[in-house]
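In: sequence first, predicted coordinates after that:
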Amino acid sequence: MKIALIAHDKKKNEIIELAKTYKDVLSQHELCATGTTGTLIMGETGLSIHRFKSGPLGGDQQIGALLADGEIDLVIFLRDPLTAQPHEPDVSALLRLCDVQRIPLATNVNSATVMLEALKAHIAFEE
């Protein structure tokens, strides 16, 4: 399964903690992320992550292109709904692509936890 990891600046610590908690689950999947988020997660967890450009510099669009081509299976995008984002049109496009392609999308820690727990249970079931 290919999982995209994205987080706005004020949510970077949350996605790092999430990745630490679910490192065993995430390590069994192909991971990609926007630039800064991917670099921070890799530094804290040692997970292998294909990094794209930073979100505002086109990383959201790069992941969006993979979504449009059906190459992403799950998106964890911890959004900061209280801060205006200079690349908001890119963010909206990425969210719309998840809906169009029927890709599961977690936009906060609780929804991401539900999805990662489901993956964890699936892995345990396969063993």
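Out: Looks like it came in fine. Treat the numbers as computed from the prediction; the structure is a model and nothing was measured.
In: run through who's touching the longest helix anywhere in the chain.
Out: Longest helix in the chain, counting residues (DSSP state H): helix 109-126. The contact list for helix 109-126, computed with C-beta atoms under 8 Å, 6 or more residues apart in numbering, reads 1, 14, 18, 22, 24-26, 28-29, 74, 76, 78, 104, 106. Backbone N, C-alpha and C define where each C-beta goes, glycine included.
In: need the buried ones from these selected in PyMOL.
Out: Buried members of those can be picked out in PyMOL with the line below, counting by 16 or more other C-beta atoms under 10 Å:
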select buried, resi 14+18+22+25+26+74+76+78+106
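In: for C32, which three-state class applies?
Out: When classified by DSSP: H, G, I helix; E, B strand; the rest coil, C32 comes out as strand.
In: how close does the nearest residue in space to it that is not next to it in sequence sit to T107?
Out: Of all residues not flanking C32 in the chain, H50 sits nearest, at 4.4 Å (C-beta to C-beta, 6 or more residues apart in numbering). Using C-beta to C-beta, to the nearest Å, we find H50 at a distance of 22 Å from T107.
In: which elements pack onto the strand or helix carrying the residue nearest to C32?
Out: Here H50 is covered by strand 49-51, with elements defined by DSSP states H and E. On a contact count with 3 or more C-beta pairs under 8 Å, 6 or more residues apart in numbering; DSSP states H and E, strand 49-51 meets strand 30-33, helix 35-45.
In: just those: most buried one?
Out: Per residue and on average, the most neighbours among the helices and strands packed on strand 49-51 fall to strand 30-33, with a mean of 21 (mean count of other C-beta atoms under 10 Å).
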